[in-house]
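Trainee: Got a predicted model here, sequence first, then my questions.
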Amino acid sequence: MRRIRSVKRSVRFPVSTALLRRLAYTSIVANVAIVVTGGAVRLTASGLGCPTWPRCTDESYHTTAEMGVHGVIEFGNRLLTFAVGLIALATVLAVLAHRPRRKGLLGLAVAVFLGIPAQAVIGGITVLTNLNPWVVGLHFLASMAVIAAAYALWRRIKDPDGPAVAVVPGPLRSLAALTTLVSVAVLVVGTWVTGSGPHAGDGGAARNGLDPEQISQVHADAVFLLLGLSVALIFAFRAVGATGPARAAVVLVAVELGQGVIGFVQYFTDVPALLVGAHMLGSCLVLLATLSVLWSTRERRPAPVAATASAEERVPATA
């Protein structure tokens, strides 16, 4: 009986799977939101609103009245980093409290949490290098990596703990992986386009020296390749009767078309700030839709009951 009581005390405040998924989903939304607000900092020329880091000024950690609206915008984005970090920390603690313990969840939750301070450091380097466009691009891509980890955590919570089983033939899984690689390449080249364009984040910030028209053409070519691969996935999945992956590919194509429209309109309207912000949000959605397609090509089956029986289940039986 003592053993039974000790087991019950150890799980007195368990976290449900539903709550854990909500926290993981909130983490995805929060990381997407900070990408958009970070874009707002650059698009309002507030990148050096706080001219140093980790302090906002040499004497203060917060903005001052003399720094005006640019200081408020930059400092506000820094504060949001703490909010995103708290959500990630809450997710880690929830994973630790969840019963039964799930394989793989803690590593993903910790990766998301550690990605937040890493992002803060890259952001600080961005400020200290006077908004070097290559560092600004790295800052954005690091955010994409954190979003990918948060998405993986969210999906893994839903999946059973059994082995992953392919639901489409091997060549189609390879095609989905290739599409994912091209999607990542589109994001990378997109940062080069941004680094050559007019929105530097501050009037005195340097540009990366690439020709805007030429690098925009490279970016457009990569987008067309991505769109072609995504359409091919729809037909291929439907040909083998994989309805779930086909639906995910349809969503991906829809997101890509919306993102493409925004990209073309902003290119032919001298890159207005509002459309650039929408394009940054679209980049996050393209990444998430691509990961959804990749995840849909396999599923996890429940593990055998004997291998997953928890201590709570076994102890009363022996008692």
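Mentor: Nice, thanks for sending it over. Numbers count the residues shown, from 1 in each chain.
Trainee: Tell me which stretches of the stretch 51-200 of the chain form strands.
Mentor: Per DSSP state E, counting those that start in this stretch, the stretch 51-200 of the chain carries strands over the ranges 164-166.
Trainee: Mean confidence (pLDDT) on stretch 158-171, please.
Mentor: Throughout stretch 158-171, pLDDT has a mean value of 87.
Trainee: Over to stretch 20-36?
Mentor: Across stretch 20-36, pLDDT averages out at 94.
Trainee: Show me what counts as buried in that stretch.
Mentor: Under the neighbour-count criterion of 16 or more other Cβ atoms under 10 Å, stretch 20-36 has 20-21, 23-28, 30-32, 34-35 buried. (Glycine included, C-beta is placed from N, CA and C.)
Trainee: what would the residues you listed look like in CSV with secondary structure?
Mentor: Formatted as CSV, those follow (DSSP: H, G, I helix; E, B strand; the rest coil):
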residue, secondary structure
L20, helix
R21, helix
L23, helix
A24, helix
Y25, helix
T26, helix
S27, helix
I28, helix
A30, helix
N31, helix
V32, helix
I34, helix
V35, helix
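Trainee: Among the residues you listed, which one lies nearest to P54?
Mentor: Ranking the buried residues of stretch 20-36 by separation from P54, with Cβ to Cβ as the measure, puts I34 on top at 17.1 Å.
Trainee: Verify the contact between the closest one and V84 for me.
Mentor: Yes. Using Cβ atoms under 8 Å as the test, I34 is close enough to V84 to be in contact (5.4 Å).
Trainee: and the gap between the closest residue to L128 other than its chain neighbours and N132?
Mentor: Distance criterion Cβ to Cβ, 6 or more residues apart in numbering; nearest residue to L128, sequence neighbours excluded, is W53 at 5.9 Å. In this structure, W53 and N132 are 13 Å apart, going by Cβ to Cβ, to the nearest Å.
Trainee: Could you pull up the residues touching the closest residue to S183 other than its chain neighbours?
Mentor: The shortest distance from S183 to any non-neighbouring residue, by Cβ to Cβ, 6+ apart, is to T290 (4.2 Å). The neighbours of T290, taking Cβ atoms under 8 Å, 6 or more residues apart in numbering as the test, are T179, T180, S183, L252.
Trainee: Narrow those to those in helices?
Mentor: When DSSP state H is applied, the contacts of T290 are split such that T179, T180, S183, L252 fall in helices.
Trainee: which parts of stretch 164-179 are buried?
Mentor: Taking 16+ other Cβ under 10 Å as the basis for neighbour counts, the residues of stretch 164-179 that come out buried are V167, V168, L172, R173, L175, A176, T179.
Trainee: Ok, stretch 132-148 next?
Mentor: By neighbour count, and taking 16+ other Cβ under 10 Å as the criterion, the buried residues in stretch 132-148 are 132-133, 135-137, 139-140, 142-148.
Trainee: mean confidence score for that stretch?
Mentor: The average of the pLDDT scores along stretch 132-148 is 93.
Trainee: Residues in contact with it: which ones?
Mentor: Stretch 132-148 is contacted by residues 28, 31-32, 34-35, 38, 42, 47, 112, 115-116, 118-119, 122-123, 125-126, 129, 184, 187-188, 191-192, 194-196, 200-201, 205-208, 280, 283-284, 287-288, 291 when judged by Cβ under 8 Å, 6+ apart.
Trainee: Any regions of the stretch 101-250 of the chain where pLDDT drops low?
Mentor: Counting by pLDDT under 70, the ranges of the stretch 101-250 of the chain that qualify are 200-204.
Trainee: That one: helices as residue ranges?
Mentor: Under the criterion DSSP state H, counting those that start in this stretch, the stretch 101-250 of the chain carries helices at the ranges 105-128, 133-158, 170-196, 212-239, 243-268.
Trainee: and the longest one with helix 170-196, angle?
Mentor: It stands for helix 212-239. Relative orientation of helix 212-239 and helix 170-196, computed by axes from the mean of the first three to the mean of the last three Cα atoms, to 10 degrees: 160 degrees.
Trainee: elements contacting helix 212-239?
Mentor: Using 3 or more Cβ pairs under 8 Å, 6 or more residues apart in numbering; DSSP states H and E as the contact criterion, the neighbours of helix 212-239 among helices and strands are helix 170-196, helix 243-268.
Trainee: among those helices, which is nearest L226?
Mentor: Closest approach to L226 among these is made by helix 170-196 (4.8 Å; Cβ to Cβ).
Trainee: just the angle between that closest one and helix 133-158, please?
Mentor: Angle, helix 170-196 to helix 133-158, by the same axes, to 10 degrees: 150 degrees.
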